[in-house]
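Colleague: fold the stuff below for me.
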Amino acid sequence: MLIGLVGCKGGGEESTPTLYALPSLEASLMPSATLAQALPTDTAVPSPVPTLPDYSWCSLDAAFVADLTVPDYTTIEPATLFTKSWRMQNTSTCDWGPGFELLFYWGDQLVGPVAVEVPETAQGEMVDISVDLQAPLEIGEYTMVWQLVSPDGTWFGTEPYLRIVVPWTVTVTPTPTSPEECVYNVAFVDDVTIPDNMQILAGAEFTKVWRMINTSTCHWGEGFDLVFISGDPLGADESNPIPEVKMGEQFDILVDMRAPEEGGLYRSIWKIQKPDGTQFGLEPFVRIEVVEPTRTPTPEATDTPTPTVGPGTPSPTPQPTQRPTRTPTAGPTPTARPVATAAPPASHPGYPALVTGITAHSRQIYLNGQTLGNKSTVFSKVGDSITHSPAFLNPIGQGRTDLHEEYAYLQPAINWFMGTARVANSFDNPSLAERYGWTSADILNPASAEPGCAGRSPLVCEYELSHPSVALIMIGTNDSTGHLSVDAFRANLQQIVDISLEYGVIPVLYTIPWNAYGDVSGLNNVIVSTAWVYDVPLIDYYSAMEALPNHGVSDDGVHPSLPPDGNTANFSEENVQYGYTLRNLISVQALDAIWRQVIY
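Modeller: Purely as a prediction, here's the structure:
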């Protein structure tokens with residue numbers, strides 16, 4: 001489900017997206033044939049940038065005046081094109097000359113540009129700024145927050161935003177199918193109570209209400225329940241009856257809960273279950289922050305509380321090796337951040353659509369990682385043979401990149417992530433957390449690790465030796481071909497994300513592509529749900545690949561296809577029709593989005 005928000009009064013609530021809400025790649029991946037700069041192979045120093053105007057002497061500021069179009073909570077039909085316009089006032093102590101831009105800052109990335117030029121505006125004058133966007137394909141509420149940026153890279157002023165609602169539209173079959181022939185599904189509409197990340201006092205009782213729609217091809221009779229599947233049940237009954245619901249009808253599910261006594265972030269994941277015990281549809285969840293009440297110590301108190309040592313160790317499958325407590329350091333020496341001299345062009349709608357979930361939480365993870373000594377210029381690769389292949393990102397690290405004019409804006413981010421990971425730059429570094437044939441359990445199993453990892457799991461070993469700020473994680477293909485249960489895969493993936501957060505690494509999850517030997521739909525639903533629940537970035541690789549010939553997969557029925565010239569870092573119009581080239585492109589786009597929005 002997709003929704004959008006507009007306004008200028010600050011941030012908005014996060015929304016829960018639906019699986020596979022992407023536009024066709026035919027319109028989003030059409031690079032030109034213009035030759036781009038060759039990527040240097042022996043340096044992580046950014047490419048030279050032109051001299052920019054210096055506004056350090058000016059007190060930059062801007063004030064929101066009015067929403068000229070699309071007021072908050074405007075209802076917009078799916079995939080509809082619209083223009084959002086704000087009126088702003090230059091409240092700086094100087095004029096705005098050439099080079100000022102309005103950039104996407106955080107929230108839901110709708111199809112459209114992520115940067116627009118701001119007309120030259122004298123001090124005290126008002127200016128109208130417009131951006132052309134497209135409503136998402138799925139129902140929901142969406143918020144997209146922007147901010148002004150000066151030519152020298154300074155972010156400033158009130159943050160204008162948009163907030164829209166994409167409504168549910170359903171074509172009701174005159175005669176619903178029988179339960180035996182029914183295709184069961186459900187769509188999320190809204191969190192009626194307890195929005196994501198709400199702070200709740202320890203021990204407080206509350207009622208969580210989800211609003212949903214029966215999108216099945218039949219009515220639901222008696223015996224349907226909402227059941228707890230993962231996380232913390234938060235004191236709730238683990239099975240809650242759902243009233244009879246007609247096809248296409250909207251309904252609310254109420255669950256009484258109680259906040260734990262100990263402070264922290266808690267997640268509770270649920271699913272709808274049929275009378276025969278099978279489960280279906282998306283996974284509604286609760287994410288709350290429990291706050292312990294402030295207690296004034298009494299003079300008579302003599303007991304000294306035992307301090308908590310480090311983060312808690314997850315309970316994995318398989319059992320993980322005990323990890324040593326990490327001692328915070330002063331962090332790496334800051335590297336001068338290059339100025340983004342170009343933004344994704346307005347004609348490239350694929351950029352925001354393929355990469356979602358980069359929010360303020362990503363920034364929090366990054367800052368925590370910096371206190372632990374992580375390198376802002378390094379990322380790690382985590383996965384199976386599709387990731388371990390030399391076709392994935394290695395050609396970029398070897399200087400074989402051909403961005404063409406269409407993707408030239410990616411060059412500064414590529415330069416930035418050329419930091420040395422362990423033995424090579426991030427793109428070309430052989431990760432300790434990627435191997436042929438691996439499943440989600442192998443990444444967590446110390447027995448799968450290299451001998452030098454000293455009993456640590458491959459994931460922990462990679463993080464402790466490479467110190468990345470970002471991890472590109474795609475796992476599940478071998479789980480699907482081996483028919484691993486959805487519950488077991490969910491437990492493994494959640495532990496992978498938990499470990500990443502513990503080490504201050506931003507986990508970027510990918511949906512897995514189609515293969516000829518296993519059903520990926522259940523695992524992909526888990527991947528998307530996990531990204532929502534943990535509020536971490538997601539790349540919908542599955543949907544991107546579905547637009548390519550043979551699902552973007554080679555003749556072996558598993559691995560992404562290779563272009564005729566073998567160069568998966570050549571982003572020509574022809575080459576992006578092949579699976580590995582497409583994965584490299586959207587991976588670099590994700591890194592670019594993180595570089596622009598998180599690493600500053």
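
Colleague: show me what contacts the residue nearest the centre of the chain?
Modeller: Centroid check for the chain by CA atoms, centre = their mean gives Pro537 as the closest residue, at 1.6 Å. Pro537 makes contacts with 355-358, 362, 506-509, 531, 590, 593-594, as judged by CB atoms under 8 Å, 6 or more residues apart in numbering. (C-beta placed from N, C-alpha, C; glycine too.)

Colleague: ditto for Glu180
Modeller: Neighbours of Glu180 in contact, by CB under 8 Å, 6+ apart: none.

Colleague: name the SS class of it, please.
Modeller: Judged by DSSP: H, G, I helix; E, B strand; the rest coil, the three-state class of Glu180 is coil.

Colleague: now it: how far from Gly579?
Modeller: 38 Å (CB to CB, to the nearest Å).

Colleague: do the same with Gln273
Modeller: Remark: distance between Gln273 and Gly579 (CB to CB) = 35 Å.

Colleague: cool, Pro53 as well?
Modeller: 43 Å.

Colleague: who's more crowded, the two?
Modeller: Neighbour totals were compared for Pro53 and Gly579, and Gly579 leads with 27 against 12 (other CB atoms under 10 Å).

Colleague: who's in contact with the residue lying closest to the more buried one once chain neighbours are set aside?
Modeller: Once flanking residues are discounted, Gly579 sits nearest to Pro560: 2.7 Å by CB to CB, 6 or more residues apart in numbering. Counting by CB under 8 Å, 6+ apart, Pro560 makes contact with Ile386, Ala391, Pro513, Met545, Gly552, Val553, Ser554, Tyr578, Gly579, Tyr580, Leu582, Arg583.

Colleague: list only buried entries from these.
Modeller: Using 16 or more other CB atoms under 10 Å as the burial test, these include Ile386, Ala391, Pro513, Met545, Gly552, Val553, Tyr578, Gly579, Tyr580, Leu582, Arg583 as buried.

Colleague: which ones among those are found in helices?
Modeller: Those of the buried ones among the contacts of Pro560 mapping onto helices are Ile386, Met545, Gly579, Tyr580, Leu582, Arg583, per DSSP state H.

Colleague: nearest to Tyr409 among those residues?
Modeller: Leu582 (17.7 Å; CB to CB).

Colleague: which residue packs closest to that closest one, ignoring adjacent ones?
Modeller: Val576 (5.4 Å).

Colleague: phi and psi next, for that neighbour.
Modeller: Torsion angles at Val576 (phi, psi; degrees, to the nearest 10) stand at phi -80, psi 0.

Colleague: tell me if Asp592 really is in a strand.
Modeller: No. Going by three-state DSSP, the assignment for Asp592 is helix, not a strand.

Colleague: from Leu403, how far out is the nearest residue to it once chain neighbours are set aside?
Modeller: Once flanking residues are discounted, Asp592 sits nearest to Ala413: 3.8 Å by CB to CB, 6+ apart. Using CB to CB, Ala413 is found at 11 Å from Leu403.

Colleague: more neighbours: those two, which one.
Modeller: For Ala413 versus Leu403, neighbours defined as other CB under 10 Å are more numerous around Leu403 (25 against 22).
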